[in-house]
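> Here's a sequence, model it:
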Amino acid sequence: MKLNARISLLSLNQIMPFWKMLWPSEGEIRPKSSMTFDGQFDLSIYSNYNAVYLGALIDGKLIGVNSGHKTSPIHFRSRGLYVVPEFRKQGVGSALLAATREEAKRRNCTLLWSYPKTDSFFVYEKLGFIETDRRLKPDDSNFYAFTELS
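I've put the predicted structure just below:
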């Protein structure tokens, strides 16, 4: 069954409890990441680009989140996709990623990328993401994935 969730803009404070569930072992969770699509880190991302925080709501209840921000003038990163377990595999993650893709296009980006976990890549694949063999560490369960924007 596909849910018809409403996608809305959120604040960092609204998204943070979900990110703490997504990344329970992280210490400080930053509003943006300095990772770039080419596997490097660029600290200027923190000052040069604004993030967007998105939420999926059903009857006013927040059931999923995602964020995005530029990592270069033409690259946009999707970051922190999380859907509450009882609402998974019902189109919520896809709706959040689609909204992130639209934001990337609004910001004139030509490539949307992410660093998803292996077990959640099926959501990204539905929206045309391509898996790469690049990882930050050889044994990492995450990998770079991307889709070109037109």
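
> okay, and for the chain, where does confidence drop off?
Along the chain, segments meeting pLDDT under 70 span 1, 138.

> the longest helix in it is where?
Longest among the helix segments of the chain by residue count, using DSSP state H, is helix 92-106.

> buried stuff in that one?
Neighbour-count burial for helix 92-106, counted by 16 or more other CB atoms under 10 Å, picks out 92, 93, 94, 95, 96, 97, 99, 100, 101, 103, 104. C-beta coordinates here come from the backbone N, C-alpha and C atoms, glycine included.

> Chain neighbours aside, what residue packs nearest to the third one?
When you say that, I think you mean residue 94. Spatial nearest neighbour of residue 94, excluding adjacent residues (CB to CB, 6 or more residues apart in numbering): residue 126 at 5.5 Å.

> Residue 34 now?
Using CB to CB, 6+ apart, the nearest residue to residue 34 is residue 41, at 4.5 Å.

> quick one: the helices in the protein?
Using DSSP H, the helices of the chain run over residues 12-22, 45-48, 92-106, 121-126.

> Can you add distance to residue 78 and give those helices back as a markdown table?
Compiled in a markdown table, those are given as follows (distance: least, CB to CB, whole Å):
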| stretch | distance to residue 78 |
| --- | --- |
| helix 12-22 | 13 |
| helix 45-48 | 14 |
| helix 92-106 | 5 |
| helix 121-126 | 8 |
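
> related to what we said a few turns ago, I would like the residues contacting the longest helix of the chain, please.
Identification of contacts with helix 92-106 by CB atoms under 8 Å, 6 or more residues apart in numbering yields 3, 5, 7, 52, 54, 56, 63-68, 76, 78, 81, 83, 112, 120, 123-124, 126-127, 147, 149.

> Please enumerate the strands of this protein.
All strands of the chain, identified by DSSP state E, fall at 6-9, 52-58, 61-70, 75-83, 111-114, 130-131, 145-148.

> Nice, that's everything, thank you.
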